[in-house]
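Colleague: below: sequence and its predicted model.
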Amino acid sequence: MSVTYTVGDIHGSLGKMQALVEACRRHADGRAMRFVFLGDYIDRGPDSASVVRAMMALQDELQERLIALMGNHEAWLLAVLDGVAQERGWLFNGGAQTLLSYGVRAASDLPRAHLEWMRSLRLSYDDGRRLFVHAGVNPDKPLDAQAEHDLLWIREPFLTDGRDYGRLVVHGHTPLETTEPELRRNRLNLDTAAVFGGPLTAAVFDDTQTEPLAYLQAA
């Protein structure tokens, strides 16, 4: 039976990412495994460039067994490059650390291959039991009619809405004040604030039940 490891917001926390990926490999113990990353690989933390390189290498290795979602921070950077967002706001919200990690002075100087990888990221992944997204969903819209902005940015009313979506919505984006993931009846938040000193968290799923079997963390 295959196992899915779903990883929350990394934000340039390379050491935690590497440790968590290795913990997941050990946990799989030879079973078929798949990763789903929930986005926000860059910004705020010190090692955004190395995280993107590591993600690209992991995708080369695992191919279709790695699903990498886009986060609002990747989308924000791309919006800056496309001229639809001001660079100043992105820099103030962690972009400056990203430029520093690459050793460049402007978003336009970032490596083309890395930017093309970011543009290739998908907005959601549905495995039949769970819907994986970065931020959440608009409770007033069907899951197949969600707007890109909500998938990347929403907090309310999603976080306090208790309705059944027909899927467990697995997300990050909103940092938790505890080191434990937040599991509710209709959603699971895996952003345990790795870049703010919390652990990086992975939820373990298989096909026997919708809820996580376990959590793995790298502090």
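Modeller: Okay, I see it. This is a predicted model, so every value here is computed, not measured.
Colleague: only C-alpha atoms from now on, for both contacts and neighbour counts.
Modeller: Fine.
Colleague: could you find the closest non-adjacent residue to D40?
Modeller: In this structure, D40 finds its nearest non-sequential neighbour in G71, 4.5 Å apart by Cα to Cα, 6 or more residues apart in numbering.
Colleague: where is the longest strand in this protein?
Modeller: When the chain is scanned for its longest strand (criterion: DSSP state E), the result is strand 209-218.
Colleague: check which helices and strands that strand sits against.
Modeller: With contacts defined as 3 or more Cα pairs under 8 Å, 6 or more residues apart in numbering; DSSP states H and E, strand 209-218 has these neighbours: helix 14-28, strand 200-206.
Colleague: nearest to V3, out of these?
Modeller: strand 200-206 (5.0 Å; Cα to Cα).
Colleague: quick one: that closest one to helix 14-28, angle?
Modeller: Between strand 200-206 and helix 14-28, the angle formed by their directions is 20 degrees, by axes from the mean of the first three to the mean of the last three Cα atoms, to 10 degrees.
Colleague: pLDDT (mean, whole number) over strand 200-206?
Modeller: Per-residue confidence for strand 200-206 averages out to 98 on the pLDDT scale.
Colleague: ok and that strand relative to strand 209-218, angle-wise?
Modeller: Interaxial angle, strand 200-206 versus strand 209-218 (the same axes, to 10 degrees): 150 degrees.
Colleague: what strands flank strand 200-206, and is each parallel or antiparallel?
Modeller: According to DSSP bridges, strand 200-206 has the following sheet partners: strand 3-7 (antiparallel), strand 209-218 (antiparallel).
Colleague: any idea which of the ones you listed is most buried?
Modeller: By mean neighbour count, with neighbours taken as mean count of other Cα atoms under 10 Å, strand 3-7 ranks first of the strands paired with strand 200-206 at a mean of 24.
Colleague: give me the contacts around that one.
Modeller: Contact with strand 3-7 is made by 24, 28, 31-38, 190, 200-206, as judged by Cα atoms under 8 Å, 6 or more residues apart in numbering.
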